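In: Build me a model from this:
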Amino acid sequence: MRILIVDDESEIRDYLAGLPQWEEARCTVVGTAANGEEALGLMERTSPDVLLTDIRMPVMDGIALAEAVRATRPDLPIIFLTAHHEFEYARQAVRLGAA
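Out: Numbering: from 1, shown residues only. As a prediction, this is how the structure comes out:
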């Protein structure tokens, strides 16, 4: 399974991309991006099977990214990771079919 990781915090991106559990789960991190705009460009080149993204990011947040992805890849699994406590973000993510 090919994973694309999107988070504006480089420490989080690097940590997630470097997890040894990816290999154990037969997953490959095909790229990382700092925001949704970067992620859209990478998606065209890497064709991930799963999108793992933060919700709140500058330039293009995870909600806008999910909306753009749904237009072209409606069945792509999207997993949101966030430490943000505002429930409306989670509600929007669920409406977009995210986990």
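
In: do you know how far Val30 is from Ala39?
Out: To Ala39, Val30 is 11 Å away according to Cβ to Cβ, to the nearest Å. All C-beta spots, glycine's among them, are computed from the backbone N, C-alpha and C.

In: Please read the previous query as pertaining to Pro77.
Out: From Pro77 over to Ala39 (counting by Cβ to Cβ), the distance is 14 Å.

In: Which one's more surrounded, the two?
Out: Legend: neighbour count by other Cβ atoms under 10 Å for Pro77 and Ala39, higher for Ala39 (26 against 15).

In: Run through this structure and note the low-pLDDT ranges.
Out: 84-91, 93-94, 96-99 (pLDDT under 70).

In: Tell me which residue lies farthest from the centre of it.
Out: Glu24 (20.3 Å; Cα atoms, centre = their mean).

In: give me every residue that touches that residue.
Out: By Cβ atoms under 8 Å, 6 or more residues apart in numbering, the contact set of Glu24 is empty.

In: how about the residue minimising distance to the centre of the chain, secondary structure?
Out: The C-alpha lying nearest the average C-alpha coordinate of the chain belongs to Thr53 (Cα atoms, centre = their mean; 2.5 Å). The three-state assignment at Thr53 reads strand, by DSSP: H, G, I helix; E, B strand; the rest coil.

In: host element of Ile3?
Out: Secondary structure from DSSP states H and E places Ile3 in strand 2-6.

In: what's next to that strand, contact-wise?
Out: Counting by Cβ under 8 Å, 6+ apart, 13, 16-17, 22, 27-36, 38-39, 42-43, 46-54, 57, 62, 65 sit against strand 2-6.

In: mind running it again at 7 Å?
Out: 13, 16-17, 22, 27-33, 36, 39, 42-43, 46-54, 62, 65 (Cβ atoms under 7 Å, 6 or more residues apart in numbering).
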